[in-house]
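Peer 1: Following is a predicted model, sequence given first.
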Amino acid sequence: MDGRASSRGRGSEAGAARLFGATFRHRVLAAAGSCGFGEPLVEAMAPEEIGGLVTKSVTARPRWGNPAPRVAEFPGGMLNSVGLANPGWEAVRDEKLPWMRRRLGGLPVFVSVAGGRAEEYVEVVVGLAGEGDFTGFELNLSCPNDSHRSGRPFCLDHRALAALLDRVRLQTQRPLLVKLAPNDPEIALTARVAVAHGADGITAVNTMPGYLAGDRGPRLGAGRGGVSGPLLLPVGLAAVRQIADAVKVPVIGVGGVLTAADARAYLAAGASLVQVATGSLADPRCAARIARDLALPAAPRTPGPAQ
Ligand SMILES: Cc1cc2nc3c(=O)[nH]c(=O)nc-3n(C[C@H](O)[C@H](O)[C@H](O)COP(=O)(O)O)c2cc1C
């Protein structure tokens with residue numbers, strides 16, 4: 001069994017899901033960039049309290065990331081430009097994966113992969129594909145803080161996206177999720193291209209390009225960054241709805257999820273799983289709390305007036 005998805009795995013919102021060859025105890029996962037390689041999770045709770053983890057994006061060489069400040073808050077959410085700081089795939093193979101094997105108790109894990117060129121994605125996937133104990137890869141093809149040679153993320157260039165996926169697909173039978181961008185005017189078509197070239201699932205959405213300035217100039221060291229948090233909820237929901245109508249593989253919803261009501265809205269829009277980034281950064285137990293609340297009956301939409 002190669003673990004590739006055969007169905008959307010939809011079912012009861014609170015319950016377990018069998019997808020991508022793995023059993024997810026809950027449908028709420030910690031998103032890429034929110035919990036590193038799981039370290040903050042084990043400090044805060046038993047890892048099996050969440051549905052799964054997507055790691056920080058891993059690149060071919062170690063990256064130190066962008067100059068501080070790397071995050072700035074505003075009333076609608078957060079702007080970040082971390083710059084894909086990560087130790088590179090060899091350290092992930094030698095240190096992070098063995099640690100995760102020991103400490104995460106078999107939690108479903110997707111290793112997120114990023115890079116500036118298709119060769120870098122191939123290198124990381126080839127380097128890690130033979131290692132045990134993780135569910136699959138999530139290809140970050142939509143990071144606003146990184147781009148391929150023509151200056152756009154891969155997902156906004158269908159030809160580059162297709163060529164990259166053709167190369168990566170040849171290297172592994174493991175499930176491949178493709179993560180798309182919120183500022184994609186053709187996101188359903190992009191999802192179709194990704195599936196036609198081997199994607200087993202679509203994750204939507206990454207952060208939205210943004211910029212914040214104060215009296216003394218940009219609030220981030222890198223200047224521009226990516227917007228996350230509550231402001232992204234309607235954007236992510238619209239993307240998931242369009243993608244779920246366009247493809248038959250599972251869709252994973254991410255963007256602005258802080259409560260069970262937000263997660264329910266993604267599941268109703270067609271998502272099979274939900275991820276939480278900004279909420280997990282603020283509190284690594286956020287995904288576990290949302291999963292627990294999902295098991296409770298939904299609150300009525302408009303409570304009646306007090307009599
Ligand atoms: C500080 C920070 C770091 C992130 N790092 C990554 C990353 O390494 N790879 C990736 O695919 N997405 C990354 N993301 C994007 C999130 O996984 C998610 O797609 C986005 O933040 C929207 O979800 P949210 O509104 O729940 O934060 C990052 C987001 C934040 C806020």
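Peer 2: That came through, no problem. No experiment lies behind these values; they were computed from the predicted model shown.
Peer 1: The one helix or strand residue 195 maps to near the ligand at all?
Peer 2: Taking DSSP states H and E as the definition, one finds residue 195 inside helix 187-196. No. Contact of helix 187-196 with the ligand (CB under 6 Å from any ligand atom) is absent, the minimum separation being 13.8 Å. Yep, even glycine has a C-beta here, placed from its N, CA and C like the rest.
Peer 1: for stretch 98-115, same thing?
Peer 2: Yes. Under the criterion of CB under 6 Å from any ligand atom, stretch 98-115 makes contact with the ligand via residue 112.
Peer 1: Would you mark the buried spots in that stretch?
Peer 2: The neighbour-count check on stretch 98-115 (16 or more other CB atoms under 10 Å) flags 100, 104, 107-115 as buried.
Peer 1: So which of those residues are in helices?
Peer 2: residue 100 (DSSP state H).
Peer 1: Closest one to the ligand out of the buried residues of stretch 98-115, please.
Peer 2: Nearest to the ligand out of the buried residues of stretch 98-115 is residue 112 (CB to the nearest ligand atom; 5.0 Å).
Peer 1: Distance of that closest one relative to residue 159?
Peer 2: 23 Å (CB to CB, to the nearest Å).
Peer 1: Find the nearest non-adjacent residue to the residue of the chain found nearest the ligand, please.
Peer 2: Residue nearest to the ligand within the chain: residue 33 (1.9 Å; CB to the nearest ligand atom). Counting by CB to CB, 6 or more residues apart in numbering, residue 56 is the residue found nearest to residue 33 once chain neighbours are left out, at 5.6 Å.
Peer 1: okay, now the one you found: neighbour count?
Peer 2: 23 (other CB atoms under 10 Å).
Peer 1: on that earlier part again, could I get the buried residues of stretch 98-115 as JSON lines with pLDDT?
Peer 2: Formatted as JSON lines, the buried residues of stretch 98-115 follow (pLDDT from 0 to 100):
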{"residue": "100", "pLDDT": "97"}
{"residue": "104", "pLDDT": "96"}
{"residue": "107", "pLDDT": "96"}
{"residue": "108", "pLDDT": "97"}
{"residue": "109", "pLDDT": "98"}
{"residue": "110", "pLDDT": "98"}
{"residue": "111", "pLDDT": "98"}
{"residue": "112", "pLDDT": "98"}
{"residue": "113", "pLDDT": "98"}
{"residue": "114", "pLDDT": "96"}
{"residue": "115", "pLDDT": "95"}
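Peer 1: Close to the ligand: what parts of this structure are there?
Peer 2: So far as CB under 6 Å from any ligand atom goes, the chain lies against the ligand at 31-33, 56-57, 71, 78, 80, 82, 84, 112, 140, 143, 179, 206-207, 228-229, 232, 254-257, 276-279, 281.
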